[in-house]
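1. Next one to model:
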Amino acid sequence: MKKLFFLALSATVGLMVGGGNGQSAVAEPQGRIVWELLKDKANLGPVQRGVVDPEGKVVHLATLSTLYEIQDGKVQRIIEQPEKEARLALAPGGGIYSWLCPHPQRRGHFYVKLFDVPGKGMAELKLKEFPYGFGTLYLGLKGKLIVTASALDDPDGIRGRFQINFWNQQGEMLEKVILEGRQTGVKDLSGEAILFLGEKEATAFSASGKKLWPRPLTGRFRKAAIARGGKLALLNPGLSKNIHQVLVYKGEGEPMTVNVPTPVHNLTLAGDGSLAVVVGDQGRYFFLDPKNGVLKEGRRLPLEGTFYIRNLKPVDDHTVVMGVIHREGEPPKVTWPKGTIIVIDREGRVAFQKEFPIRVATAFIPQVDVTFGSRFVIGYTEDATVLIGLR
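-> Numbering: from 1, shown residues only. Purely as a prediction, here's the structure:
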C-alpha cells in the first residue's frame, strides 16, 4: 500500500553573490532553491539519486530502500523495499528502476528485477549458463543502457575473467563479452555507450554490446569520461608519473595527450561532447576543447580556504554544477565540516551557491544530479536534499 506524508517545503530564493577576490560575478539567470528537504523532518535519506521532470513539477528521489515522489508540495513513498537487503537503483533521468535482490547461494551477487516508474514489472535478468546472478549493474540514461558484470573465476570478483552482459528493457540479452581482469565501467551520460577500464586496457561498447573501437586503448587508467556514443573519450593514466595527463581518444589512431598543471581528480563530458571539464587539485578546474586539446583554467571558485571538487555534472554546453567539500586544519589533524553546491558557467560566473554542514566526509558528498539540458538540479548531503531552479 502506498504511504503518504506531507512536508512543508521551504521556498527560499537564493541570491547569489560573487566573490573570490573579484574573480567571479553573478550570472544571469540566477538560481534559486525551489524547496529543501531535511532528513530529521522528512525521514528521508540518505538519497542515492534524484530525478526531476523538465518543468520541475515532479521529482523522484531514491534511497537504497525507498523511492519517493514529490509533487505539489507532497512527499509520497511510492515504492518500498520488497525483501530484506534488496537494494534500489534508479536510472539516471528516471523512467525505470531495479531491485538488486541478494542471491541465496553466492555472497555479494544478486538478481536484477526491472520496473518502470511508478512500479510495473518489466523483466528479471537471468543467465542460464551462470546461475549465480551478478556482481555489478550499470543503468544508463532512462534505461537506454542496461549492463551487468559477473566474476567467472573468483567468487570475490577480484581477479580472473568477467562476463559482461548487455540487455534491453524486456530482459532480453543483446550481447555477451568476456573481459580479463577486474573492470570499472564508465557510462556515457547519454546512455548510448559504456567504457570499461581494465587492468591493462580500456574498451568501449555501445548500449547493445557492439565493440566501438577497432582495438582497446592500452594502459591502466584512474579516471575516464566517454561521450558521443563512445566516439570520444577522456582518460587519465594510472601511473603516478602521468596522473597530470589527460588522453583525448576519438576511437582510432593514437590519442592526443594533454598536460594538466595539477594531478587529475575527476573528468566529465556532456553526452554530446559539447562540454568537457577536468578537475584538478585543491579546487582547480579546467575546460578542455577535445578538438585541439586546448585547456583553459576556470576562474577560482568564490570559496575561502582549502577545498576540493568531489563531483560535477554538465548542466548544458555552457554550465556545470559542482559538489565541493571544505577542509579545515592541516594534516594529520584535518576535518571536513562543510560542503558547497555551486553552479558556474564557462566564464566562472556563479548562478547558484549554497553551503551545507557535513557530518561524514565521503567521495560523493555533496552530490549533484542533473539531466543535461534541464534547468533544474538536485543536490544532496546525508541530511538535506534541495531542488535548484535555474531560470
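2. how about the helices of the chain, start to end?
-> Secondary structure of the chain (DSSP state H): helices located at 39-42.
3. any weak-confidence spans in it?
-> 1-29, 42-43, 45, 73 (pLDDT under 70).
4. switch the cut-off to 50
-> For the chain, applying pLDDT under 50 flags the ranges 1-29.
5. Count the residues that sit near Arg359.
-> A total of 11 residues lie near Arg359 under the criterion other Cβ atoms under 10 Å. Glycine gets a C-beta too; all of them are placed from N, C-alpha and C.
6. correct me, but it touches Ile365?
-> No: in this structure, Arg359 sits apart from Ile365 without contact. The criterion is Cβ atoms under 8 Å, and the distance is 9.1 Å.
7. Now do the shared contacts for those two.
-> By Cβ atoms under 8 Å, 6 or more residues apart in numbering, Arg359 and Ile365 have these common neighbours: Glu382.
8. Please list all residues in contact with the nearest residue to Val360 once chain neighbours are set aside.
-> For Val360, the nearest residue in space outside its immediate sequence neighbours is Glu382; the separation is 6.4 Å by Cβ to Cβ, 6 or more residues apart in numbering. With contacts defined as Cβ under 8 Å, 6+ apart, the neighbours of Glu382 are Lys39, Gly45, Pro46, Ile358, Arg359, Val360, Ile365.
9. hang on, Leu125 packs against Leu100?
-> No: under the contact definition of Cβ under 8 Å, Leu125 does not touch Leu100, with a separation of 10.3 Å.
10. who touches both of those two?
-> Taking Cβ under 8 Å, 6+ apart as the contact rule, Leu125 and Leu100 both touch Tyr111, Val112.
11. mind listing the strands for the stretch 101-250 of the chain?
-> With DSSP state E, counting those that start in this stretch applied, the stretch 101-250 of the chain shows strands at 110-116, 121-125, 136-139, 146-151, 161-167, 173-180, 184-187, 193-197, 201-206, 217-218, 221-227, 232-237, 245-249, listed in chain order.
12. who does the third one pair up with?
-> When sheet partners are counted by DSSP bridges, strand 136-139 sits next to strand 146-151 (antiparallel).
13. Convert the C-alpha atoms of the partner strand to CSV, please.
-> Written as CSV, here are the backbone C-alpha positions of strand 146-151 (Å, rounded to 0.1, in the frame of the first residue of the first chain):
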residue,chain,number,x,y,z
ILE,A,146,21.5,-1.9,-19.0
VAL,A,147,24.7,-3.8,-18.4
THR,A,148,25.6,-6.5,-15.8
ALA,A,149,29.0,-7.9,-14.8
SER,A,150,29.7,-11.3,-13.3
ALA,A,151,33.0,-12.7,-12.0
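14. Please identify the buried residues of that strand?
-> Buried positions in strand 146-151, judged by neighbour count with 16 or more other Cβ atoms under 10 Å: Ile146, Val147, Thr148, Ala149, Ser150, Ala151.
15. With respect to Arg87, which of those is nearest?
-> Distance to Arg87, by Cβ to Cβ, is smallest for Thr148 among these, at 14.1 Å.
16. What sits closest to the closest one if chain neighbours are left out?
-> Nearest-residue entry for Thr148: Phe134, 4.1 Å, with adjacent residues in sequence omitted and distances by Cβ to Cβ, 6+ apart.
17. Pretty sure that neighbour sits against Arg106.
-> No: Phe134 is beyond contact range of Arg106, at 9.9 Å (criterion: Cβ under 8 Å).
18. Looking at the two, which one has more neighbours?
-> It is Phe134, of Phe134 and Arg106, that has more neighbours when counted by other Cβ under 10 Å, with 24 against 16.
19. Report the contact partners of that one.
-> Contact partners of Phe134, counting by Cβ under 8 Å, 6+ apart, are His109, Phe110, Tyr111, Val112, Leu125, Leu127, Thr148, Ala149, Ser150, Asn165.
20. Now do the residue nearest to Val360 against Gln245, distance only.
-> Taking Cβ to Cβ, to the nearest Å as the measure, Glu382 and Gln245 are separated by 34 Å.
21. do the same with His318
-> Distance from His318 to Gln245, by Cβ to Cβ: 26 Å.
22. Those two: who's more crowded?
-> Gln245 (17 against 13).
23. What's the separation between the more buried one and Ala86?
-> In this structure, Gln245 and Ala86 are separated by 41 Å, where distance is defined by Cβ to Cβ.
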